[in-house]
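> sequence first, predicted coordinates after that:
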Amino acid sequence: MKPSKQSNGEFGENFDLGLDDLNITSDDYSFEDVDGHIQANLEDEIVKEALDKGLDLRVYSRQIEDQLRSVEQSSVADYIKESKKMADLHVQIQSCDAILERMEEMLGLFQSDLGNISGEIQTLQDQSLSMNIKLKNRKAVQASLGDFVGGMSISSDLVETVCNGSVNERYVDALDELDKKLTYVSGQADSTASTVAVSSELEALTLKATSKIREFVLQKIYAMRKPMSNIQMQQNSLLKFKDAFRFLAKHNKAIAIEIRNEYVDTFSKIHYTYFKQYLTRLMKLQHEEMADKDDLMGADDSPKGRTNFFSSRPSLKSRTSVFTLGNRSAILQDLEGPILVPHTLKDAGKDVRHPYEMLFRSLQFALLDTSAREFLFCIEFFKIKEGSALKFFTEVMGKTLHLILKHEEARLANWYDSISVVLCSRILGEYQKTLRERNMPCLDTFYQRLFDLFWPRFKVIVEMNRVSIEGLDPQKLSHMDTRPHYIVRRYAEYSGALLLLNEGVAFEDVTNGLSSLRQEVANFILRMAAEFARRREQLIFLINNYDMMLSVYSERTTAKSEEVAQFDALLQKSIQEFAQEELAAPFGGLINFVREVEQTKSRKQTVTVDEHRVNTLNFNFARDWKPAITEIEGNIMKSFTNFKNGTAILQAALTQLVVYYERYIAILKSPPFKRPGGWPDLIDRHHVMVEVKKHKTTF
């Protein structure tokens, strides 16, 4: 529908509906679906509403058309009313189009400029990449050329230092620089004129350097041969030039071997001479009185027995020092203390004597210190690996170690102090542990050879002592009594000393030696006890000796041992038997009665009641039990020197008495002994208990 315009430019009120082009006869319009369309229109809500009201559709249709026409005219009027605004909007849109067109032109220019800039950036990137490649190539060439120039050029300072400089720390730095140049030149694959020229110069410098190093190191070594030289200080001074020796070993092995041999020869003699002199002076500090082959555990302790058959000299003034430890074990707490200096003691006018283990400790600690220092020096200065270092160390210290081994072998051939042997073994074990903790196995073989000397000798000495006890005839010994025997005391002190020294280490040879001695001494004690006529005296002798040994063990060590277990069991068995023996005289009738009745009942046999016997037992017990207890107490006081042991024995005896008496009363209160009025003279067991408690704290 096209509106017609009036002369004033506004829309008119007449409209052309454009029906001229309507053609209802065209083949494009089809009536086949008319029914469908009619049905669809009938289902329309508005149509349904009109039909429901009974309106005529034609009339209703005209009304609708009128309404539509009215709305259309109203809308047209609104459009006409807003036409000016629409025109203004049109103008504004045209203005915006112009602005956007100008912006498009500007953006096009920007896009063009950015395209040019991107091209320039790409060009710059290509130029930068090219420059980086050139820079890397130039740096690589510069580095190679710099290394070549640095490796091939020889500065005047280097020549001056190597040829005319003194051997000091600056000289060692010059050797390091020379070594780098030699390494670089030797690594050049092509033999150029410059390489040949520089090589000849470097060889000349190397010959000069090795000559000066040889002279310097040999002078240092020869200086150590002078008497009273401080070897440790000079070795530390020589270590500062270990890099110089490595230069020498790398570029002139012949001279390096010469220096090595000179060092071995010099220090082998130095150490040998020092330890030989020290050992000789050290042995002068040893006790003059030493154990000999006659100082055995089974030797007679009487004045006659201590005198040698061929001379009037006693074999040892006091055999106690052979079998007791005393304060000798204190040396194990001071293993790293200062060594003994014989000439210092002599200059001070002190005539001090020491047991051998103290001299041994001093010697071995000096050897450990020297060996450890020598081993570390060999590794650090000569740059030797551990396997080769042991061989090198043996070359340096071999003569010294052999000297000490020969000394120990000769000494042990006539040595009879087994406690000293164990002490020396403990000292060696601790020093060996120290070196292993420091990862220095330089003396392992030496220590093992010493152990191989010590333990066979220890077994020989222990066996000699065992045989001396085995062959003892108790009748040939001096006067005997029930007190602890001196031979048993020797054994107790000796075994206690070995038990203490064996704590924490458990030497197998010590354990085996104690076992053989323990059985032999146990048999000896029984043989000695058999010399007493009465069983009571035998038991007193056994108890006193067993108790003495256990007392010694408790003072020496708190560790459990076979010795303590065996002799404690024998002690308890002897105490119980002695208690029975003490009760037998005053209360034997009552004890036998109890045993007989209990045995008869256990066999399920008829028990015969002997009233006269029971009345006699009651009467005798009522009369004698208190005096008997007092007498038992007095006998124990006289028989046992150890009050604590006496208390235990008295309590054992009184306990047995109470037990037997309670069993006796139980028998009398049960059929067929039970009596309605009880037995006459029967003491109540509570009275007995009260009396026994009075004697509880006698000792």
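Cool, the structure landed. Everything numeric in this text was worked out from a predicted model, so none of it was measured.
> what does stretch 399-410 contact?
With contacts defined as CB atoms under 8 Å, 6 or more residues apart in numbering, stretch 399-410 is touched by 268, 271-272, 275-276, 279, 363, 367, 394, 443, 446, 449-450, 453. The way it works is simple: take the backbone N, C-alpha and C, and place the C-beta from them, glycine included.
> and the residues you listed, which of them are buried?
The neighbour count (16 or more other CB atoms under 10 Å) marks S268, H271, Y272, F275, L279, L363, L367, L443, F446, R449, L450, L453 as buried among those.
> residue contacts, the third one?
Right, Y272. Listed by CB under 8 Å, 6+ apart, the contact set of Y272 reads K399, T400, L403.
> cool, the second one as well?
Contact partners of H271, counting by CB under 8 Å, 6+ apart, are T370, E374, V396, M397, K399, T400.
> which SS class is the first one?
The three-state label given to T370 by DSSP: H, G, I helix; E, B strand; the rest coil is helix.
> make residue 1 into 469 and carry on from there
With the count now opening at 469, the last piece we talked about shows up as T838.
> what's the distance between it and L918?
According to CB to CB, to the nearest Å, T838 and L918 sit 16 Å apart.
> next one: the last one
Look at T868 and L918: by CB to CB, they are 14 Å apart.
> same thing with the fifth one?
When CB to CB is applied, the distance between K867 and L918 equals 17 Å.
> and the longest helix seen in the chain, average pLDDT?
If you go by DSSP state H, the chain has its longest helix at helix 551-620. For helix 551-620, mean pLDDT is 82.
> equivalent analysis for stretch 731-745, please.
Averaged over stretch 731-745, pLDDT sits at 94.
> measure how far it is from the centre of its chain, please.
38 Å (CA atoms, centre = their mean, to the nearest Å).
> circling back to that earlier point, of the buried ones among the contacts of stretch 867-878, closest to K521?
L911 (132.3 Å; CB to CB).
> distance of the closest residue in space to the closest one that isn't next to it in sequence relative to C892?
In this structure, L911 finds its nearest non-sequential neighbour in S839, 5.5 Å apart by CB to CB, 6 or more residues apart in numbering. For S839, the distance to C892 (CB to CB) stands at 17 Å.
> which stretches of the protein have low pLDDT?
469-506, 510, 611-621, 655-662, 769-789, 813-819, 854, 1164-1167 (pLDDT under 70).
> nearest the geometric middle of it, what residue?
E905 (10.8 Å; CA atoms, centre = their mean).
> report the separation between it and M765.
For E905, the distance to M765 - CB to CB - is 38 Å.
> show me what the helix or strand hosting A717 is packed against.
Assigned by DSSP states H and E, A717 falls within helix 710-719. With contacts defined as 3 or more CB pairs under 8 Å, 6 or more residues apart in numbering; DSSP states H and E, helix 710-719 has these neighbours: helix 637-654, helix 661-691, helix 721-751, helix 824-849.
> just name the most buried of those helices.
Ranked by mean neighbour count, the helices and strands packed on helix 710-719 are led by helix 824-849 with a mean of 20 (mean count of other CB atoms under 10 Å).
> and that one, how far from the chain's centre?
25 Å.
> tilt between that helix and helix 710-719?
Comparing the axes of helix 824-849 and helix 710-719 via axes from the mean of the first three to the mean of the last three CA atoms, to 10 degrees yields an angle of 60 degrees.
> report all helices and strands that helix 824-849 contacts.
By 3+ CB pairs under 8 Å, 6+ apart, helix 824-849 packs against helix 699-707, helix 710-719, helix 721-751, helix 854-880, helix 886-905.
> continuing past the last one, what's the next helix or strand?
Downstream of helix 886-905, the next assigned helix or strand under DSSP H and E is helix 912-938.
> who are the packing partners of the next helix or strand after that next one?
Toward the C-terminal end, the helix or strand that comes next after helix 912-938 (DSSP H and E) is helix 954-969. Contact analysis of helix 954-969 by 3+ CB pairs under 8 Å, 6+ apart lists helix 788-791, helix 886-905, helix 912-938, helix 976-997, helix 1003-1024 as its packing neighbours.
> tilt between helix 954-969 and helix 912-938?
160 degrees.
> CA atoms only: put stretch 1076-1088 into PDB for me.
Extracted in PDB, the C-alpha atoms of stretch 1076-1088 (Å, rounded to 0.1, in the frame of the first residue of the first chain):
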ATOM      1  CA  THR A1076      50.900 -97.000 114.700                       C
ATOM      2  CA  VAL A1077      50.400 -94.600 117.600                       C
ATOM      3  CA  ASP A1078      53.200 -94.800 120.100                       C
ATOM      4  CA  GLU A1079      51.900 -92.600 122.900                       C
ATOM      5  CA  HIS A1080      55.000 -93.000 125.000                       C
ATOM      6  CA  ARG A1081      57.200 -91.700 122.200                       C
ATOM      7  CA  VAL A1082      54.900 -88.800 121.500                       C
ATOM      8  CA  ASN A1083      54.800 -87.800 125.200                       C
ATOM      9  CA  THR A1084      58.600 -88.100 125.400                       C
ATOM     10  CA  LEU A1085      59.000 -85.800 122.400                       C
ATOM     11  CA  ASN A1086      56.600 -83.300 123.800                       C
ATOM     12  CA  PHE A1087      58.300 -83.300 127.100                       C
ATOM     13  CA  ASN A1088      61.800 -83.000 125.700                       C
END
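> buried ones in it?
Applying 16+ other CB under 10 Å to stretch 1076-1088 flags V1082, L1085, N1086, N1088 as buried.
> next one: stretch 794-803
For stretch 794-803, a neighbour-count test (16+ other CB under 10 Å) marks R796, S797, I799 as buried.
> Serialize those to JSON lines and add fields for secondary structure and distance to G1146.
Formatted as JSON lines, the buried residues of stretch 794-803 follow (DSSP: H, G, I helix; E, B strand; the rest coil; distance: CB to CB, whole Å):
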{"residue": "R796", "secondary structure": "helix", "distance to G1146": "68"}
{"residue": "S797", "secondary structure": "helix", "distance to G1146": "66"}
{"residue": "I799", "secondary structure": "helix", "distance to G1146": "73"}
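> tell me the one of these nearest Y1128?
Closest to Y1128, out of all of the buried residues of stretch 794-803 and judged by CB to CB, is S797, at 48.3 Å.
> surely the closest one meets L969?
Yes: with contacts counted by CB atoms under 8 Å, S797 reaches L969, the gap being 6.6 Å.
> pull up the overlap in contacts between these two.
Residues touching both S797 and L969 by CB under 8 Å, 6+ apart: L891.
> how far off helix 551-620 does the host helix or strand of L536 point, in degrees?
If you go by DSSP H and E, L536 is part of helix 525-549. Here helix 525-549 runs at an angle of 60 degrees relative to helix 551-620 (the same axes, to 10 degrees).
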